[in-house]
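# The amino acid sequence is not available; the structure is as follows:
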């Protein structure tokens with residue numbers, strides 16, 4: 001019954017997309033992009049005084065309708081809220097900004113029912129309340145150089161693209177997931193001590209360098225983001241990334257390439273009592289708008305590709321991952337802010353990881369692939385709803401679990 005109800009909801013939502021009219025352009029200063037509006041002008045007054053309040057809620061209902069290990073339907077939600085303080089307006093500190101935010105995650109995942117390595121519900125992970133960003137940022141030279149430090153994560157500034165965030169599967173959502181499987185990339189919602197410097201050379205060239213704390217307790221949700229300790233056994237994760245963002249034939253192009261290097265952080269080797277205290281992974285991505293409907297608007301088709309690689313198969317679950325995607329903004333007439341999204345991900349399991357599973361009495365693993373199609377409907381300036389279909393090929397990589405079909409719907413709003 002739950003699966004049937006979800007299927008009906010998705011069908012009704014898709015039908016609605018064909019009949020809704022485009023909403024009018026808005027003035028962001030008046031907060032038309034927030035569900036609660038401008039609070040009678042109070043938000044504008046606060047902004048003028050240097051205070052910007054924000055809140056976003058996103059949720060997923062997903063059902064494993066065939067294949068996998070068993071049929072299951074679950075709901076998961078994520079509330080992200082906080083404030084941005086312009087310290088120049090508040091205290092006269094020129095070009096200083098301060099941010100503080102918190103997260104509440106709730107609900108459950110159907111991924112165990114699917115049997116997949118990649119989560120089919122990207123809002124799951126640490127289902128509790130966290131203190132997240134507590135950062136200060138200083139900019140120089142009209143913003144071309146900036147320094148940020150405090151409680152933060154690498155995924156705020158590295159290995160990501162806005163195009164990835166439309167996926168319900170965490171193989172690609174927000175970042176290249178294989179980098180997170182290594183356990184050495186700090187990520188939302190698990191904040192650590194860190195810092196980032198960014199230099200914008202010109203309109204086409206940007207460099208970033210980040211340094212982040214690694215601790216064995218950083219993934220523990222019971223800490224709620226308020227364990228500020230730095231222990232002698234903690235390590236360091238360093239990210240270096242270059243972005244090239246020219247316009248090719250009048251359309252936006254982005255190429256990024258990066259390196260993640262860790263030091264002094266013990267990573268268990270598969271099938272051994274030994275550890276590795278240094279780790280290196282390379283990653284990169286490219287996206288290009290191959291078709292634009294008109295020169296003065298951004299509707300059109302963007303294609304993107306990602307890749308991540310490490311040769312340290314003794315500690316990396318997936319040494320190789322690549323994703324390909326297509327993103328069409330404004331496909332339907334009079335729906336300029338709707339988005340049709342498709343994703344395909346290939347993840348190659350480590351031979352050493354596979355051998356360790358066999359030695360423990362389990363099955364060998366080879367690869368897992370995910371195909372996903374979704375349509376995000378911009379219901380208003382501040383709210384969306386996205387029906388979504390995932391097809392997980394070779395869940396868990398063993399060949400013992402049948403391919404799974406996951407039907408889902410994600411919705412959210414900014415407040």
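Nice, I can see it. Given the structure is predicted, the values throughout are model-derived calculations rather than measurements.
# so where's the stretch 301-415 of the chain uncertain?
For the stretch 301-415 of the chain, no stretch has pLDDT under 70.
# need the contact list for residue 325.
The contact partners of residue 325, taken as CB atoms under 8 Å, 6 or more residues apart in numbering, are 163, 164, 167, 172, 303, 304, 305, 341, 342, 343, 344. (C-beta placed from N, C-alpha, C; glycine too.)
# isn't residue 275 right up against residue 267?
Yes - counting by CB atoms under 8 Å, residue 267 is a contact partner of residue 275 at 6.1 Å.
# Which of the two has more residues huddled nearby?
Here residue 275 and residue 267 are compared on neighbour count by other CB atoms under 10 Å; more neighbours surround residue 267, at 20 against 12.
# beta partners for that one?
residue 276 (DSSP bridges).
# hmm, which of the contacts of residue 325 are the buried ones?
Among the contacts of residue 325, those that count as buried by neighbour count (16 or more other CB atoms under 10 Å) are 163, 164, 167, 172, 303, 304, 341, 342, 343, 344.
# re the thing from before, got the contacts of residue 325 as CSV, with secondary structure and distance to residue 90 columns?
Formatted as CSV, the contacts of residue 325 follow (DSSP: H, G, I helix; E, B strand; the rest coil; distance: CB to CB, whole Å):
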residue, secondary structure, distance to residue 90
163, helix, 35
164, helix, 34
167, coil, 38
172, coil, 38
303, strand, 43
304, strand, 39
305, strand, 43
341, strand, 39
342, strand, 44
343, strand, 42
344, strand, 47
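# per-residue confidence at the most centrally placed residue in the chain?
For the chain, the residue nearest the mean C-alpha position is residue 174 (1.6 Å; CA atoms, centre = their mean). Residue 174 is assigned 70 on the pLDDT scale.
# Distance check, it against residue 123.
In this view, residue 174 and residue 123 are 11 Å apart by CB to CB, to the nearest Å.
# cool, residue 167 as well?
12 Å.
# Same question for residue 99.
21 Å.
# who's more crowded, these two?
For residue 99 and residue 123, the more surrounded residue by other CB under 10 Å is residue 123, and the numbers stand at 23 against 20.
# right, and the more buried one touches residue 75 too?
No - assessed by CB under 8 Å, residue 123 is found out of contact with residue 75, at 9.5 Å.
# Which residues belonging to stretch 54-72 are considered buried?
Buried, per 16+ other CB under 10 Å, within stretch 54-72: 55, 57-65, 67-69, 72.
# Let me see the mean pLDDT of that stretch.
The average pLDDT within stretch 54-72 is 98.
# and if you look at stretch 205-215?
Across stretch 205-215, pLDDT averages out at 97.
# any idea how far residue 104 is from residue 189?
When distance is defined by CB to CB, residue 104 is 9 Å away from residue 189.
# Could you tell me which residues touch both of those two?
Common contacts of residue 104 and residue 189, defined by CB under 8 Å, 6+ apart, comprise residue 130.
# Between these two, which has more neighbouring residues?
Legend: neighbour count by other CB under 10 Å for residue 104 and residue 189, higher for residue 189 (25 against 15).
# need the contact list for the more buried one.
Contacts here follow CB under 8 Å, 6+ apart; on that basis residue 189 touches 103, 105, 125, 126, 130, 132, 225.
# could you pull out the strands for the stretch 201-350 of the chain?
In the stretch 201-350 of the chain, the strands defined using DSSP state E, counting those that start in this stretch lie at 205-214, 235-244, 247-248, 251-268, 275-292, 300-309, 320-329, 339-348.
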